Each structure stands twice: as structure tokens, then as C-alpha cells.
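**Q** give me coordinates for this.
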Amino acid sequence: MTGIINLSPNSIGPALVTEAVRSGELFDLAELITEFYAARRSTAIDLVYSTFDGYGIDWQMHDPLGAFFLWFRFPGIRGGDRELYRRLAARGVVVVPGHHFMAGLPLEESGEQWSHSTQCIRVSYCAPPEQIEAGVRAIAEEVRDLQAE
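**A** This next block holds a predicted model:
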């Protein structure tokens with residue numbers, strides 16, 4: 001069904017897009033959207049640096065190359081990304097544990113899962129700035145506690 005819907009769209013959508021491309025409006029809209037999310041990303045990154053560094057936690061950020069997410073790595077968190085996810089979810093902060101994105105990697109020589117894969121979370125920066133600020137603060141507090149334990 002999905003294939004049929006995607007391969008055989010009704011005529012209204014393609015007609016609208018064709019006119020938007022022809023008039024240049026689509027490209028103007030794309031630029032507005034790109035600028036909006038680039039500003040959100042920049043604001044979130046600035047907030048992360050000031051908050052995480054202020055809490056004195058050990059952290060790294062993967063280079064944010066696009067999409068709508070930031071990737072963080074927190075070495076030494078007790079319980080790994082799953083425990084961090086559980087604690088944040090209890091506070092109403094939604095993140096995605098990183099191990100879901102690193103499935104099937106070979107084990108380390110010790111036979112253990114690659115530690116990096118359980119130290120990462122993915123976080124969206126698309127929410128309103130006040131929600132991002134509250135979420136970043138909650139992440140910093142939970143990571144501080146998990147790295148100290």
C-alpha cells in the first residue's frame with residue numbers, strides 16, 4: 001500500500017509542487033526552513049556547551065552535519081545509554097539511546113560490546129527553546145549523577 005501511495009500520488013500534490021518550482025516559491029520556502037532550523041541548532045549547541053561545561057561532566061558531541069538531531073557521548077555513565085534514557089524519560093525528557101544505531105558491530109577483543117555504542121544519545125533540537133533548555137539541563141544533571149556513581 002505504501003508503494004502504491006508513493007508511486008501513484010494524486011494530481012493535486014504534484015501540481016502544487018510543479019507550480020511552486022516554476023515560480024521559485026519552493027526554493028524560497030526551503031531557504032526559510034533551512035535558516036530556521038540552522039538557528040535552532042546553533043542556539044542548542046551554544047546552550048549545550050554552557051550547560052554541560054557548567055556541570056563539569058565528561059561529554060563529547062558528534063559533528064552536527066544536518067538532520068534535526070545532535071549526538072552526544074558521555075563516557076563513564078553507569079548503566080549506559082539505557083539507564084540514562086530511563087532516568088530522562090522519568091523526567092519527561094525524550095532522547096534516543098545510541099545503541100539502536102550501532103547494532104551488529106563486532107565485539108571488542110574482550111568479548112564486550114563496543115563501549116562507545118552504549119555511551120551515546122540522540123537529541124532533537126526542533127522543540128521550542130525553553131523545552132530544549134530544560135531538557136539540556138536535565139541531561140546534564142542525570143549524566144553528572146551517573147558519572148559520579
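
**Q** show me what contacts Gln147?
**A** Neighbour list for Gln147: 57-58, 74-78 [criterion: CB atoms under 8 Å, 6 or more residues apart in numbering]. No exception for glycine: its C-beta is placed from N, CA and C like everyone else's.

**Q** again with Phe74
**A** Contacts here follow CB under 8 Å, 6+ apart; on that basis Phe74 touches 57-59, 84, 119-121, 143, 146-147.

**Q** show me where this protein has its strands.
**A** Chain-ordered strands for the chain, with DSSP state E as the definition, fall at 60-61, 69-73, 96-97, 120-124.

**Q** note down every partner strand of the third one and its orientation.
**A** For strand 96-97, sheet partners with direction are given as strand 120-124 (antiparallel), following DSSP bridges.

**Q** equivalent analysis for the first one, please.
**A** For strand 60-61, the pairing partners within the sheet under DSSP bridges are strand 69-73 (antiparallel).

**Q** tell me the confidence at Thr18?
**A** Looking at Thr18, its pLDDT reads 85.

**Q** revised request: answer the last question for Ala134.
**A** 97.
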